[in-house]
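Peer 1: build me a model:
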Amino acid sequence: SKAAQSEIAASYAEEARKLSLLGDGIPAPRLDWVHEDDAWVVLGFEAVAARQPRRPWTVEDLERALDLAEAIAAATESIPDGLDLKPIVEDLPQIVTGWDSVPTEWPHHTEAAALAAGMADLPHADRFAHSDLRDDNILFAVDGRTLACDWNWPALAPAWLDLVVLLVSAHGDGLDVEPLLARRDLT
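Peer 2: Below you'll find the predicted structure:
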């Protein structure tokens with residue numbers, strides 16, 4: 001509802017716009033139709049028989065999700081005109097400043113804040129990033145496809161961003177991600 005949930009309605013309209021510009025080459029459920037009028041924004045997507053990755057991450061699910069991150073990077077190597085993407089540090093400034101609101105007594109606060117601040121100076125931050133690739137936005141379809149949902153937040157970032165974010169969550173679940181980080185093409 002544009003009245004009751006105006007921000008969400010605007011993000012749905014933006015997702016439809018971005019998906020239409022990205023085209024059929026991206027690993028996403030097909031956008032079948034869009035309805036927008038003065039009161040509503042409604043998107044109709046392909047019904048996909050699928051499951052989401054299991055948490056805590058398993059190596060098998062993580063490998064499949066990392067393959068998806070690489071497929072997104074390959075499919076968006078050339079960014080379509082009209083997407084008007086901003087650098088992620090501008091589009092989501094909390095990625096740099098978020099540690100300002102975390103208690104300084106947290107373990108490793110100083111190091112984490114310094115790493116976050118360094119995001120603003122990363123080289124090669126001019127590639128497409130899904131920017132919201134996490135387990136609840138991934139579908140493992142029964143037909144073998146691996147698909148990403150929620151395409152309304154892409155930004156310009158290093159090509160490895162989506163893949164590394166997935167590895168961070170897997171590390172938090174107790175997996176040793178160092179070998180995966182070392183052998184993946186994007187990293």
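Peer 1: which parts of the protein are strands?
Peer 2: Counting by DSSP state E, the chain has strands at residues 31-36, 41-45, 50-51, 127-129, 138-141, 146-148, 155-157.
Peer 1: now render the ones you listed as TSV, adding mean neighbour count.
Peer 2: To be clear about C-beta, it is placed using only N, CA and C from the backbone, and glycine gets the same treatment. Shown next, in TSV, are the strands of the chain (neighbours: other C-beta atoms under 10 Å):
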stretch	mean neighbour count
strand 31-36	13
strand 41-45	15
strand 50-51	14
strand 127-129	23
strand 138-141	20
strand 146-148	20
strand 155-157	23
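Peer 1: so which of these gets nearest G174?
Peer 2: Closest approach to G174 among these is made by strand 138-141 (19.1 Å; C-beta to C-beta).
Peer 1: just the C-alphas of the closest one, formatted as CSV.
Peer 2: Provided in CSV are the C-alpha atoms of strand 138-141 (Å, rounded to 0.1, in the frame of the first residue of the first chain):
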residue,chain,number,x,y,z
ILE,A,138,18.4,-17.4,-1.7
LEU,A,139,16.3,-20.1,-3.2
PHE,A,140,17.6,-23.6,-4.0
ALA,A,141,15.1,-24.7,-6.6
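Peer 1: residues contacting it, please?
Peer 2: By C-beta atoms under 8 Å, 6 or more residues apart in numbering, the surrounding residues in contact with strand 138-141 are 29, 48-53, 61, 64-65, 68, 145-149.
Peer 1: hmm, try it at 7 Å
Peer 2: 48-53, 64-65, 68, 146-149 (C-beta atoms under 7 Å, 6 or more residues apart in numbering).
Peer 1: now the residues you listed in CSV, with pLDDT?
Peer 2: Below are the contacts of strand 138-141 laid out as CSV (pLDDT from 0 to 100):
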residue, pLDDT
V48, 98
A49, 98
A50, 98
R51, 98
Q52, 98
P53, 98
R64, 98
A65, 98
L68, 98
T146, 98
L147, 98
A148, 98
C149, 97
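Peer 1: closest one of those residues to D91?
Peer 2: Scanning the contacts of strand 138-141 for proximity to D91, where the rule is C-beta to C-beta, the winner is A148, at 17.7 Å.
Peer 1: the closest one against A28, yeah?
Peer 2: Yes - taking contacts as C-beta atoms under 7 Å, A148 lies within contact range of A28: 5.6 Å.
Peer 1: now the strands of the chain as CSV including distance to P80?
Peer 2: Converted to CSV, those look like this (distance: least, C-beta to C-beta, whole Å):
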stretch, distance to P80
strand 31-36, 15
strand 41-45, 19
strand 50-51, 26
strand 127-129, 9
strand 138-141, 23
strand 146-148, 16
strand 155-157, 13
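Peer 1: dump the residue contacts of W99.
Peer 2: Per C-beta under 7 Å, 6+ apart, neighbours of W99: 109, 112-113, 116.
Peer 1: next one: D84
Peer 2: Per C-beta under 7 Å, 6+ apart, neighbours of D84: none.
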